[in-house]
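Peer 1: This is the structure alone, sequence omitted:
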Ligand SMILES: C[S@@+](CC[C@H](N)C(=O)[O-])C[C@H]1O[C@@H](n2cnc3c(N)ncnc32)[C@H](O)[C@@H]1O
């Protein structure tokens, strides 16, 4: 697994994870978090650890278009050095490292614990082409920017239809949404988090617009 390198992190943009936790904590029903471009798994397992840490009932659906990334993600095996770096940079808590990872047969690696792995299922999904799964939180972070306008339009309509009323779409810092959220989504701007992202299209968090206003061509 270790040869594959994509740009991703554990708990990428920590303040967003705090807001995801706030969104999901205390829910009586089962929640589903969809990591729609899960890469090599760091984002999906970060979501699973968030659920596990707070004993939130629910699961993570982790999808990606790239099967090789999914193979790495499924293995749940990460270099100790890279994980220590995440701790040093303040994204992964040292406590979580010891609670949610276990030794691998190769001492240079740690594996995500079965309790965390069992929360996550993996599948192939091409954004803008395949149907969007029903979910409470859709993480399309650091992939949105790579989608064509047509794929963004289809994905936004799919996300709008798939999200529960209280659902949220989470994007990455460089992922520009069309300011009207393609007609179906509106920006959420929690105080302090996105104050430096003054324009709506830079917002990291979106929610279903009510009532739904279809975008052109939908
Ligand atoms: C930079 S990684 C982002 C990983 C993670 N979401 C994060 O923010 O750290 C981008 C991922 O998007 C995936 N990707 C690119 N185009 C895609 C598409 N059309 N559908 C699904 N995944 C796609 C790539 O395979 C890659 O794993």
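Peer 2: Everything's here; your move. Remember, predicted model here, so these are calculated numbers, not experimental data.

Peer 1: Next one: residue 15 from the ligand, what distance?
Peer 2: With the distance defined as CB to the nearest ligand atom, to the nearest Å, residue 15 ends up 14 Å from the ligand. In this view, the C-beta of every residue, glycine as well, is placed from N, C-alpha and C.

Peer 1: how distant is the helix or strand hosting that residue from the center of its chain?
Peer 2: Assigned by DSSP states H and E, residue 15 belongs to helix 14-24. With CA atoms, centre = their mean, to the nearest Å as the basis, helix 14-24 stands 11 Å off its chain's centre.

Peer 1: Tell me the first helix or strand C-terminal of it.
Peer 2: Following the chain from helix 14-24 toward its C-terminal end, the next helix or strand by DSSP H and E is strand 31-35.

Peer 1: what residues does the protein put near the ligand?
Peer 2: When proximity is defined as CB under 6 Å from any ligand atom, the chain approaches the ligand at 6-9, 12, 37, 39, 43, 64-66, 69, 126-128, 141-143, 146, 172.

Peer 1: just checking, which of those belong to helices?
Peer 2: Using DSSP state H, the members of those that fall within helices are 43, 69.

Peer 1: quick revisit: for the helix holding residue 15, which helices and strands make contact with it?
Peer 2: Counting contacts by 3 or more CB pairs under 8 Å, 6 or more residues apart in numbering; DSSP states H and E, the secondary-structure elements packed against helix 14-24 are strand 31-35, helix 42-53, strand 135-139, strand 163-170.

Peer 1: Fine, thanks again, bye for now.
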